[in-house]
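Asker: Just need the structure, nothing else, for what follows:
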Amino acid sequence: MRTSHIILIFIGTLCSAVAGPIYGFEDKHIITKGYQFKYLSSKPDKNHQAMGTFSFRWNGKKPIKIHGFGFDKSGAFRVRFEQVSRFRDGKWVKLPILSCGTGKQLFTLQPGKDYKILVPMWRFAKDLEYQIDPPRRGDKGAVQIVGDNRSFVSDPFLLP
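Answerer: Numbers count the residues shown, from 1 in each chain. Below is the predicted model:
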């Protein structure tokens with residue numbers, strides 16, 4: 001590969017990453033273009049109180065790897081090490097997530113394919129000190145999922 005091609009690839013990658021915080025997330029690996037990530041619905045779940053279902057589609061040319069637990073029987077992908085942010089009182093605040101890294105696995109998501117992503121919605125019911133603080137009417141949320149030196153942020157949505 002010629003040096004000019006490497007430089008162009010680097011500039012393209014740099015331009016698609018965010019320079020400042022987006023919905024409360026400050027990760028230098030956030031990708032801002034080339035994917036769709038939207039909240040669809042949530043439903044009760046016996047293990048997590050409620051699971052949110054999101055649609056995700058990567059439009060890049062090569063597969064990506066995302067941290068997760070894998071695919072369930074319905075084909076939905078359960079992410080791992082997701083981060084959440086809540087919009088309340090005029091500002092976005094990234095809420096704390098406690099995770100130890102046990103069972104860290106990367107799963108491949110193919111370009112041009114639609115995926116259902118599952119996220120535990122109880123994560124939005126905690127405050128910065130990890131105390132119970134349920135969503136209020138009008139609160140919005142955003143989810144960040146991470147993978148191989150990239151992260152993706154959902155479109156903001158009204159919290160159920």
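
Asker: so who does the closest residue to residue 84 other than its chain neighbours touch?
Answerer: The shortest distance from residue 84 to any non-neighbouring residue, by Cβ to Cβ, 6 or more residues apart in numbering, is to residue 123 (4.6 Å). Any C-beta I mention is one placed from the backbone N, CA and C, and that applies to glycine too. By Cβ atoms under 8 Å, 6 or more residues apart in numbering, residue 123 lies in contact with 82, 84, 95, 97.

Asker: what's the neighbour count on the first one?
Answerer: Number of residues near residue 82 (other Cβ atoms under 10 Å) recorded here: 24.

Asker: Could you measure from it over to residue 70?
Answerer: Per Cβ to Cβ, to the nearest Å, residue 82 is found 14 Å from residue 70.

Asker: and what of residue 117?
Answerer: As judged by Cβ to Cβ, residue 117 and residue 70 stand 12 Å apart.

Asker: quick one: common contacting residues for those two?
Answerer: Both residue 117 and residue 70 are in contact with residue 77, where contact means Cβ under 8 Å, 6+ apart.

Asker: These two: which is more packed in?
Answerer: It is residue 117, of residue 117 and residue 70, that has more neighbours when counted by other Cβ under 10 Å, with 25 against 9.

Asker: after the strand or helix carrying the more buried one comes which helix or strand?
Answerer: Element membership for residue 117 (DSSP states H and E) is strand 114-120. Sequence-wise, the next helix or strand downstream of strand 114-120 (DSSP H and E) is strand 140-146.

Asker: Show me what that following strand packs onto, helices and strands only.
Answerer: Using 3 or more Cβ pairs under 8 Å, 6 or more residues apart in numbering; DSSP states H and E, the elements in contact with strand 140-146 are strand 35-45, strand 49-58, strand 64-71, strand 83-88, strand 151-153, strand 157-158.

Asker: Residue 128 is nearest to which of those strands?
Answerer: Taking Cβ to Cβ, strand 83-88 is the member of the helices and strands packed on strand 140-146 nearest to residue 128, at 10.1 Å.

Asker: Now do the helix or strand following that closest one and strand 83-88, the angle between them.
Answerer: Counting by DSSP H and E, the next helix or strand C-terminal to strand 83-88 is strand 91-95. With axes from the mean of the first three to the mean of the last three Cα atoms, to 10 degrees defining the directions, strand 91-95 sits at 150 degrees from strand 83-88.
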